[in-house]
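Undergrad: Show me the folded form of this:
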Amino acid sequence: MKKIDLSISMLKANFYALPMIVLSIILIALPYYFLWGRANIKDGFASIYSTLIVFLPVIILGTCLHEILHGLSFLIFGKLFLKQIKIGFQWKTITPYAHCKVPITAGVYRIALIMPALLMGIIPSIIALITGTGWLMIYGIFFIIVACGDLLVVWIIRKAKHNQLVQDHPTRCGCCIFEE
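TA: Next up, the predicted model:
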């Protein structure tokens, strides 16, 4: 079985994520602006600024929750055991992480990568677009931006078959794919 490394450095991942960040802001903030106006956006930033003592812990805890959602997705959809998952913090790059220690299918890997973006970014952004809640739009965009590295990996492995085995890379952004 041949192992192909499809990982990139964290620095390179951050560089490649820049267009995705701009795109996420355009796809959410622009429709929000046209639906709810500039005043709601200003109010959203004002409410975040006025409750900074609440917002900062939400961001820190939300970032931890993002990694926990990866871990839970590995456990639930991959039918893995807790000892097969590692959640931690890489001090060198100031990056929290969730790492699956065993090979899983590309389908499960994709679900685990997308889950935090969906639950913490996309769904809150849609709710903000419907309700006009400015701070929720900002929150949603923030957590989509946090997930840009994950979405980049989904793009990198786009040609992998659903049942093809992948191994999460322990220190870099991405994985190794196994080919027969």
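Undergrad: Tell me how far the residue positioned nearest the centre of the chain lies from residue 118.
TA: What sits nearest the mean C-alpha location of the chain, by CA atoms, centre = their mean, is residue 147, with 2.1 Å. As judged by CB to CB, to the nearest Å, residue 147 and residue 118 stand 9 Å apart. For every residue, glycine as well, the C-beta is placed using N, CA and C.
Undergrad: What of residue 105?
TA: Using CB to CB, we find residue 105 at a distance of 19 Å from residue 118.
Undergrad: The two: who's more crowded?
TA: Each of residue 105 and residue 118 has its neighbours counted (other CB atoms under 10 Å); residue 105 has more, 17 against 14.
Undergrad: mind listing what the residue lying closest to that one once chain neighbours are set aside touches?
TA: Computed as CB to CB, 6 or more residues apart in numbering, the closest residue to residue 105 that is not its neighbour in sequence is residue 163, at 5.2 Å. By CB atoms under 8 Å, 6 or more residues apart in numbering, residue 163 lies in contact with 105-107.
Undergrad: any idea which helix is longest in this protein?
TA: Using DSSP state H, we find that the single longest helix of the chain is helix 10-50.
Undergrad: How about the helix or strand following it, which residues are buried there?
TA: Proceeding C-terminally, helix 10-50 gives way to helix 52-78 as the next helix or strand, assigned by DSSP states H and E. Using 16 or more other CB atoms under 10 Å as the test for burial, helix 52-78 gives 55, 62-63, 65-75, 77-78.
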